[in-house]
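S.K.: Coordinates only, no sequence provided:
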DNA sequence: TGTAGCATGTAAGCCGTTACATGATTGA
DNA sequence: TCAATCATGTAACGGCTTACATGCTACA
């Protein structure tokens, strides 16, 4: 089982650091705050959106490694200063090297809905159906969000790759919706017997 | 942004602890070692398979909370002892309560292939295509593994829910395969211009 | 003879989170 | 006037991983 789990690259930087570094490519200069917002609109859909505090700490690390530069500017807020970050040529080169030299890990899915369905015999078909319906609902929200984003970037020729990823996400969500719908339907037929299993269940896998 | 990130339940146990606890339902008694193997064949596909050391520490925690019991038996290996764990009635009750009382989080996806594709303009269409083809290859492996598992559990009436999850996984992988195939095809048309973007790219999202 | 599998753990460390601390501006 | 937004961080903690430590049995 050599599922190379995001080995720390020679730079000592993790995938998340490179992800944030890459986002800087799409901006001239950004504050940490703004970068977090950008992550919420992009990374969130296929990686994850780091906490505000992590954004700052990753930026600090990238700064120390020379992959980004920073300058302080006043405001907004009279006494306060804002730090604006920018990717350096070295940063860009390192990002490219990382993309070319390192292997992509197989995607990691933490799917708590599937996990709960796995134990469905404990709570019964009606509960499982509600679980799936709740998930379907949240999927619809996600789809709306992502559709809005895709519509906004669709025709920008500079954003072909982000657009592909957005489409990937949409098709993924739509596949999920279809599967969930089918499973819920199948459970509807079973609704008769509630929480049927009192006995110890059998082995879920053969020897 | 209230994406309730796996809040520690009143028990102080995380999802992973409940996941392992739930796996014990499918066995009379297991060693930590065997539980890890079971996790590799089940949890891995929709949650993640914890490291060996984590399996032991979660079991220890569950033991202290009285949700599992343990007994030591000799062997195999003359001087060595094996600890066999078993879910307690309390454990089962707590698992049910957790399933019923807590909300399922929206699935978390760490998709490094999509992340890399997002930055595809840095490495060019041929590289992106290779990335997708490599992923497609690994997807095929996963599909084979999961198909074998599904075939083995398919007709056991006690394992209806695990079978549903296996099917979910298969359909998910098949959707991924289809999307990846289409994206790779689209990139094939673009192969002419290698690494086209030297200029700073534009904003990936509208103001 | 050596390596893979069975079996159990401890220790160190990083990744990422929540909670905390601070403070100005804008708009309801 | 009160909340939201902009903006920057620090501290504490938990989850999970890798590395380390140990040793037997079966098999090639």
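M.R.: Nice, I can see it. Bear in mind the structure is a predicted one, so any value in this text is a computation, not a measurement.

S.K.: Next, count neighbours for the nearest residue to residue A:96 once chain neighbours are set aside.
M.R.: Closest residue in space to residue A:96, ignoring its immediate chain neighbours: residue B:122 at 5.2 Å, by CB to CB, 6 or more residues apart in numbering or on different chains. C-betas here are computed from N, CA, C, even on glycine. Residue B:122 sits with 21 neighbouring residues when counted by other CB atoms under 10 Å in any protein chain shown.

S.K.: Which residue, neighbours along the chain excluded, lies closest to the spatially most central residue of chain A?
M.R.: Among the residues of chain A, the one closest to the centroid is residue A:47, at 2.7 Å (CA atoms, centre = their mean). Nearest residue to residue A:47, sequence neighbours excluded (CB to CB, 6+ apart): residue B:115, at 5.1 Å.

S.K.: hang on, the earlier thing: on the three-state scheme, the residue nearest to the centre of chain A is what?
M.R.: coil (DSSP: H, G, I helix; E, B strand; the rest coil).

S.K.: Would you check that it makes contact with residue B:113?
M.R.: No: at 10.6 Å, residue A:47 does not count as touching residue B:113 under the criterion of CB atoms under 8 Å.

S.K.: after whichever strand or helix holds the residue nearest to residue A:47 comes which helix or strand?
M.R.: Residue B:115 belongs to helix B:112-118 when assigned by DSSP states H and E. Heading C-terminal from helix B:112-118, the first helix or strand you meet, by DSSP H and E, is helix B:125-153.

S.K.: do that next one and chain A meet?
M.R.: Yes: residues of helix B:125-153 contacting chain A under CB under 8 Å from any CB of the partner chain: B:127-128, B:131, B:134-135, B:138, B:142, B:149, B:152-153.

S.K.: Next secondary structure after that helix?
M.R.: helix B:160-189.

S.K.: And that next one, what does it pack against?
M.R.: helix A:112-118, helix A:160-189, helix B:125-153 (3 or more CB pairs under 8 Å, 6 or more residues apart in numbering or on different chains; DSSP states H and E).

S.K.: who touches the first one?
M.R.: With contacts defined as CB atoms under 8 Å, 6 or more residues apart in numbering or on different chains, helix A:112-118 is touched by A:128, A:131-132, A:135, A:183, B:6, B:15, B:19, B:22, B:42-43, B:46-47, B:99, B:104-105, B:107, B:161-162, B:164-165, B:168-169.

S.K.: Let's see the ChimeraX selection covering just the buried ones among those.
M.R.: To isolate the buried members of the contacts of helix A:112-118 in ChimeraX, using 16 or more other CB atoms under 10 Å in any protein chain shown:
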select /A:128,131,132,135,183 /B:15,19,22,42,43,46,47,99,104,105,107,161,162,164,165,168,169
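
S.K.: now, which of the contacts of helix A:112-118 lie close to DNA strand D?
M.R.: Contacts with DNA strand D within those, counted by CB under 7 Å from any atom of the strand: residue B:15.

S.K.: outside of stretch A:37-55, which residues touch it?
M.R.: In contact with stretch A:37-55 (CB under 8 Å, 6+ apart) are residues A:15-16, A:19-20, A:23, A:26-27, A:30, A:32-33, A:35-36, A:58, A:142, A:146, A:149, A:162, A:165-166, A:168-169, B:1, B:108-112, B:114-115, B:118, B:204-205.

S.K.: so residue A:13 sits in a strand?
M.R.: No: checked against three-state DSSP, residue A:13 lies outside a strand; its state is coil.

S.K.: In contact with it, which residues are there?
M.R.: Counting by CB under 8 Å, 6+ apart, residue A:13 has contacts A:61-62, A:65, A:67, A:98.

S.K.: For chain A, give me the ranges with low pLDDT.
M.R.: A:1-10, A:76-79, A:190-207 (pLDDT under 70).

S.K.: Let's see that with 90 instead.
M.R.: A:1-12, A:74-81, A:189-207 (pLDDT under 90).

S.K.: Would you mind naming what in it lies close to DNA strand D?
M.R.: A:5, A:31-34, A:37, A:52-53, A:56-57, A:60, A:75-77, A:80-84.

S.K.: If any of these are buried, give me the ChimeraX selection for them.
M.R.: Per 16+ other CB under 10 Å, the buried members of the residues of chain A next to DNA strand D correspond to this ChimeraX selection:
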select /A:31,32,56,82,83,84
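
S.K.: now, which of the residues of chain A next to DNA strand D lie within helices?
M.R.: Applying DSSP state H to the residues of chain A next to DNA strand D, the entries found in helices are A:32-34, A:37, A:52-53, A:56-57, A:60.

S.K.: quick one: which two of these are the most distant?
M.R.: Using CB to CB, those span at most 18.7 Å, a distance reached by A:37 and A:60.

S.K.: So what touches stretch A:156-170?
M.R.: A:42, A:45-46, A:143, A:146-147, A:149-150, A:153-154, B:114, B:117-121, B:128, B:179, B:183, B:186, B:197, B:201-202, B:204.

S.K.: Show me which of the residues you listed are buried.
M.R.: A:42, A:45-46, A:143, A:146, A:149-150, A:153, B:114, B:117-121, B:128, B:179, B:183, B:201, B:204.

S.K.: just to revisit the earlier point, go ahead and confirm the residue nearest to residue A:96 touches residue A:95.
M.R.: Yes: look at residue B:122 against residue A:95 with CB under 8 Å: they come within range, at 6.6 Å.

S.K.: which residues are common contacts for those two?
M.R.: A:22, A:25.

S.K.: so what's the backbone phi/psi at residue A:72?
M.R.: Reported as degrees, to the nearest 10, the phi and psi values for residue A:72 are phi -90, psi 130.
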